[in-house]
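J.: Show me the folded form of this:
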Amino acid sequence: MKKVSGIKQHLIAKPDGSWKSLGVYLGLAFGWTWAFMIPAVTIAPENLYLVLIIISAFGPFLAAILTIRIFEGKEKVKAWLQTIFRFKIPWCLYLAGAFLIPLLIGSLQFGLYRMLGGSPAWNNAEPWFTYLFYLIPTALLSGGNEEPGWRGYALPVLNKLTSPLLAGLILGVVHSLWHLPMMENYQTNIFWYAFNLIPLTFLFNWFYLRSHGSIWPVMLFHAGTNVIDAFIPTPMNVLGTFEYGTVLRGIVYWIMAVVLFAATWKYWTGKDRQELWQVNS
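T.: Here you go, the predicted model:
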């Protein structure tokens with residue numbers, strides 16, 4: 001296989017999207033998700049909240065299937081699904097997505113938390129032998145299940161239409177707005193949530209590029225970022241009126257994103273494009 005900047009190219013099914021199809025995709029993703037998410041956080045009884053949130057989280061994935069079906073046909077949907085759900089990829093990608101990168105993020109956040117005066121609260125930490133029991137359901141039902149839509153569909157379409165840097169910025173803003181009905185539940189606002197999610201989007205995007213077109217490692221990575229706080233807790237609000245989790249995590253993500261940009265700048269500016277998504281013929 002030919003290599004571009006250290007990444008192997010594979011013949012995989014790329015969505016043949018346009019601005020029009022991307023607009024349809026976003027309309028479907030937001031429409032499905034908000035149709036369940038808004039009732040979940042406003043009028044639904046407590047025993048239905050989790051069910052509605054899980055259903056809402058499938059919006060980006062279902063929207064991708066429908067958009068490809070509308071614009072490219074049933075056969076392309078099948079080829080695309082076979083591509084993004086390939087299991088046969090290097091095992092180190094699963095290890096990195098599920099454990100190593102979330103552990104790095106949690107450790108960096110904890111280190112920053114301690115530097116700002118936070119006290120350890122290991123008595124509140126979940127035991128590590130339960131990690132997979134948190135990770136796997138989150139990857140499949142509550143966070144990771146968004147990734148076939150965001151990274152599997154929206155990212156390759158945006159990378160086709162614009163530079164990877166602008167694609168990451170657009171996707172980060174869109175992904176943040178998609179969570180808008182949850183701001184009160186997350187005890188933050190859309191500004192700080194976007195501050196947190198935009199740099200994370202660049203990390204997700206790059207990791208997907210390293211995953212040889214398989215979405216599984218990114219689903220695990222996404223889930224790991226959602227659950228790592230339960231195992232490396234940072235409970236004290238060390239930033240006064242700011243919501244500590246979003247802000248501290250956002251600072252960590254920006255540090256990681258800046259390091260990534262410095263190491264791979266030519267890719268992000270489009271001067272060294274890595275065409276990972278080749279049409280499967």
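
J.: distance of Ser163 from Ser107?
T.: Separation of Ser163 from Ser107 (C-beta to C-beta, to the nearest Å): 32 Å. For every residue, glycine as well, the C-beta is placed using N, CA and C.

J.: Which one's more surrounded, these two?
T.: Neighbour totals were compared for Ser163 and Ser107, and Ser163 leads with 16 against 13 (other C-beta atoms under 10 Å).

J.: Double-check Asp268 against Leu165; I have them as touching.
T.: I think there's a mix-up here, since residue 268 is Trp and not Asp. Yes: at 4.2 Å, Trp268 and Leu165 qualify as touching, with contact defined as C-beta atoms under 8 Å.

J.: Between those two, tell me which one has more neighbours.
T.: Neighbour count, other C-beta under 10 Å: between Trp268 and Leu165, Trp268 has more, with 20 against 16.

J.: ok, now how distant is that one from Leu166?
T.: Taken as C-beta to C-beta, the span from Trp268 to Leu166 is 9 Å.

J.: got a list of what the residue nearest to Tyr49 when sequence neighbours are not counted touches?
T.: Excluding the flanking residues, the one nearest Tyr49 by C-beta to C-beta, 6 or more residues apart in numbering is Ala40, at 5.3 Å. By C-beta atoms under 8 Å, 6 or more residues apart in numbering, Ala40 lies in contact with 48-49, 52-53, 56.

J.: Let's verify Glu126: helix, strand, or coil?
T.: Following DSSP: H, G, I helix; E, B strand; the rest coil, we place Glu126 in the coil state.

J.: Wait, it touches Phe231, no?
T.: Yes: counting by C-beta under 8 Å, Glu126 does reach Phe231; the two are 5.4 Å apart.

J.: Compare those two and say which is more crowded by neighbours.
T.: Phe231 (19 against 15).

J.: Surely that one is in contact with Ala121?
T.: No: the pair Phe231 / Ala121 is not scored as a contact, 11.8 Å apart, by C-beta under 8 Å.

J.: those strands in the stretch 101-250 of the chain, which residues are they?
T.: For the stretch 101-250 of the chain, strands defined by DSSP state E, counting those that start in this stretch do not occur.

J.: where does it have low pLDDT?
T.: Scanning the stretch 101-250 of the chain with the threshold set as pLDDT under 70 gives 235-245.

J.: hmm, back to that, can you list the contacts of Ala40 in JSON lines and add neighbour count?
T.: Shown next, in JSON lines, are these (neighbours: other C-beta atoms under 10 Å):
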{"residue": "Leu48", "neighbour count": "13"}
{"residue": "Tyr49", "neighbour count": "14"}
{"residue": "Leu52", "neighbour count": "17"}
{"residue": "Ile53", "neighbour count": "19"}
{"residue": "Ser56", "neighbour count": "23"}
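
J.: Mind picking the two most distant members of these?
T.: Leu48 and Ser56 (11.8 Å; C-beta to C-beta).

J.: what's the closest non-adjacent residue to Arg114?
T.: Closest to Arg114 by C-beta to C-beta, 6+ apart is Pro120, at 7.5 Å.

J.: tally of neighbours for that neighbour?
T.: 15.

J.: Backbone dihedrals for it, both of them.
T.: Reported as degrees, to the nearest 10, the phi and psi values for Pro120 are phi -60, psi 150.

J.: Check the spacing between it and Ser107 real quick.
T.: 13 Å.

J.: Next: Lys20.
T.: 44 Å.

J.: do the same with Ala263
T.: With C-beta to C-beta as the criterion, Ala263 and Ser107 are 20 Å apart.

J.: can you map out the helices along the stretch 51-200 of the chain?
T.: 59-72, 74-84, 91-95, 101-115, 131-141, 147-149, 155-161, 164-178, 183-186, 190-210 (DSSP state H, counting those that start in this stretch).
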